[in-house]
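In: Need a 3D model of the following:
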Amino acid sequence: MTLEARALSIGYSDRVVGHGLDVTLAAGEVLALLGPNGSGKTTLLKTLLGLLQPLAGAVLVDGRATSELSSAELARLIAYVPQVHTPSFAFPVETVVLMGRTAHGGLFSAPSAHDRAVAADAMERFGIDHLAQRPYTMISGGERQLVLLARALAQEPKFVVLDEPTASLDFGNQGKVLSEMRALAASGHGVLFTTHDPNHALRAADRATLLRAGECIAEGPVREVLTQETLAALYDAPVDQVTDSDSDTVAFLPG
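Out: This next block holds a predicted model:
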C-alpha cells in the first residue's frame, strides 16, 4: 500500500505555495520531509491529509484518489499528529486518546472494551499510562505531544503523518518518539514526518525529501540526500559535518 502525490500543486485560493511535487510513501518505511520555514511542508501535509484540496494533481492511497474517500475511510487510513495543539476542554488524557477510535465507530458511540484496550496499549507504549485520568489541559506541552501520538496510534491507521513531532519534547522523549516511528514502520505502517533537524532524519528515516520555496530540490535514500552540500543549499546557510574515525557522518550542526 502506498500514499502518493502526483504532479501536486498546493496552496490556497489566493496563492500557490508549491507545484510539481511528487511524493511516495510506502508501507513499512519512514520518510522525512525537511525544509526551511515557509517552504510549504505543512501545506503539503494538509493536502496529503485531505484538509486542503490540491490546486492541481492528485493524492492517492493505493491508487485511489483521496477525493473519492469519505472522511471516515480516510481516517482509517491516515492519522495526523499536528505540530501544535491548544487544548480547549479538560478531557482526561484517556478520553483524548480514545478519540482516535472514532474512526472505527460513531462519533458519539460509547467506547467498547476493545477500544479501551487499544487506547491503554497506546498510552503504555509512550509511557503516559500514569496520566490517564489527568486533565489534558493540566499536563505539559511535551506530555500533550505524546498524548497526540498515542491518539494517532489508537486510530490504527495504515499511514501516520507527523508535523515536527519532536519539537516540544525533551531529549529523552525525542528518542522515544524516533524509536517509535521506526517501530511503526517495522510493523508495516508508512510514516511521514517533518523536521528541522537533519540528525533526526538520519536517525529515523529511510528516505528524505528536501523542500525549498515549494519545490523539491532532492529526494532519495536519507544518507545520499542529506549531505553537507545539500543542507547548505536547502537552508542557505553554512553547515558543519561531524564524522567519526571511519569518516562516516554522525551529525550535522549549524555552521
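
In: residue ranges of the helices in the stretch 151-255 of the chain, please?
Out: Listed in chain order, the helices of the stretch 151-255 of the chain (DSSP state H, counting those that start in this stretch) span residues 171-186, 198-204, 222-225, 228-235.

In: right, so of those helices, which gets closest to Gly35?
Out: Distances from Gly35 to each of those were compared using CB to CB; the minimum, 6.5 Å, belongs to helix 228-235. For glycine as for every other residue, the C-beta is placed from the backbone atoms N, C-alpha and C.

In: elements contacting that closest one?
Out: Using 3 or more CB pairs under 8 Å, 6 or more residues apart in numbering; DSSP states H and E as the contact test, the elements touching helix 228-235 are strand 207-212, strand 215-221, strand 239-243.

In: Just name the most buried of these.
Out: Using mean count of other CB atoms under 10 Å, the stretch among the helices and strands packed on helix 228-235 with the greatest mean number of neighbours is strand 207-212 (a mean of 23).

In: Any idea how far that one is from the middle of the chain?
Out: Strand 207-212 sits 14 Å away from the centroid of its parent chain (CA atoms, centre = their mean, to the nearest Å).

In: Same question for stretch 8-19.
Out: Taking CA atoms, centre = their mean, the mean C-alpha location of stretch 8-19 is offset from the chain mean by 21 Å.

In: swap in stretch 55-69?
Out: In terms of CA atoms, centre = their mean, the centre of stretch 55-69 is set 19 Å apart from its chain centre.

In: mind starting the numbering at 698 from now?
Out: Yep, numbering from 698; the last one is stretch 752-766 now.

In: buried sites along it?
Out: Within stretch 752-766, the residues that qualify as buried by neighbour count (16 or more other CB atoms under 10 Å) are Leu752, Gly754, Val756, Leu757, Val758, Thr763, Leu766.

In: Among these, which one lies nearest to Ser706?
Out: Leu752 (4.1 Å).

In: Spatially, what comes nearest to that closest one if we skip its sequence neighbours?
Out: Take Leu752 and drop its neighbours on the chain: the residue closest to it by CB to CB, 6 or more residues apart in numbering is Ser706, 4.1 Å away.

In: Nothing else from me, thank you.
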